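Asker: Structure here, sequence nowhere to be found:
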């Protein structure tokens, strides 16, 4: 029995004692596509020659959604990411409400999101959708959690990213629906998947608490997988998680949870 989804794993979070080239090779051998974060952290020639299929990578280097200077910087660095993404044949380019620095903390924290900021964020994402259409690529905006990992990030909740993407409703802009973050911030994951389903570009998973593989925490990922299959989702599911022990055992636990 095989998974109805395309399964991927984040290479940044597994086998941290091994070089990236080894991680890419092993994930490919095990039948997984690969997610990476910031491309400047890697040897692009090595990534290009690795033979890995890249499901996603960060689609900007700096910038913010909700102010003029930040939006211009986001668009400029997104254009740089497009060039790298095309070189590596990356499927989707990932965005956040603001640039993230050390330990995932926002470069420009925001405690209150105003109505004017919402309008500016929507305008910025329209410009991103224009860029995507021009270059034939897909951008996603990822929901994050505020209480544990990313305090101060604007437009962090899945209800926020859904509101923005659904209002724009263009093929080059999708949701990166991260269920680890959503469980911490909102819960009700199956209904959230159902609401987001028309705009999902990718689903990312890790268990809660601990951000480790499915089966280590409170989320019934087998139930989530059955629901995603029933609602017709056949896209990518990426394990963006640490391994609780052996990385290959963690990947097999993930594969099992999403083989339904």
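Answerer: Cool, the structure landed. Being a predicted model, the structure only gives us computed values, none of them experimental.
Asker: residue boundaries of the strands in the stretch 151-260 of the chain?
Answerer: 173-178, 200-205, 236-239 (DSSP state E, counting those that start in this stretch).
Asker: can I get those in a markdown table with mean pLDDT?
Answerer: Shown next, in a markdown table, are those (pLDDT from 0 to 100):
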| stretch | mean pLDDT |
| --- | --- |
| strand 173-178 | 98 |
| strand 200-205 | 98 |
| strand 236-239 | 98 |
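Asker: Can I get the ones you listed in a markdown table including mean neighbour count and distance to residue 71?
Answerer: Just so you know, the C-beta spots here come from the backbone N, C-alpha and C atoms, and that holds for glycine as well. Below are the strands of the stretch 151-260 of the chain laid out as a markdown table (neighbours: other Cβ atoms under 10 Å; distance: least, Cβ to Cβ, whole Å):
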| stretch | mean neighbour count | distance to residue 71 |
| --- | --- | --- |
| strand 173-178 | 26 | 15 |
| strand 200-205 | 24 | 21 |
| strand 236-239 | 26 | 27 |
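Asker: Next, format these as a markdown table and append distance to residue 191.
Answerer: Formatted as a markdown table, the strands of the stretch 151-260 of the chain follow (distance: least, Cβ to Cβ, whole Å):
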| stretch | distance to residue 191 |
| --- | --- |
| strand 173-178 | 12 |
| strand 200-205 | 14 |
| strand 236-239 | 18 |
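Asker: Ok, which of the ones you listed comes nearest residue 48?
Answerer: strand 236-239 (20.5 Å; Cβ to Cβ).
Asker: Contacts for the closest one next, please.
Answerer: Under the criterion Cβ atoms under 8 Å, 6 or more residues apart in numbering, residues 3, 5-10, 33, 35, 55-56, 91-92, 201-206, 213-214, 225, 228, 250-251, 254, 258 lie in contact with strand 236-239.
Asker: ok, it: who's next to it in the sheet?
Answerer: Partner strands and pairing direction for strand 236-239 (DSSP bridges) are strand 6-10 (parallel), strand 200-205 (parallel).
Asker: circling back: select, out of the strands of the stretch 151-260 of the chain, the one closest to residue 165.
Answerer: Residue 165 sits nearest to strand 173-178 of all the strands of the stretch 151-260 of the chain, at 5.4 Å, using Cβ to Cβ.
Asker: So which elements touch the closest one?
Answerer: Using 3 or more Cβ pairs under 8 Å, 6 or more residues apart in numbering; DSSP states H and E, the elements in contact with strand 173-178 are strand 92-95, helix 115-135, strand 139-142, helix 158-168, helix 189-196, strand 200-205.
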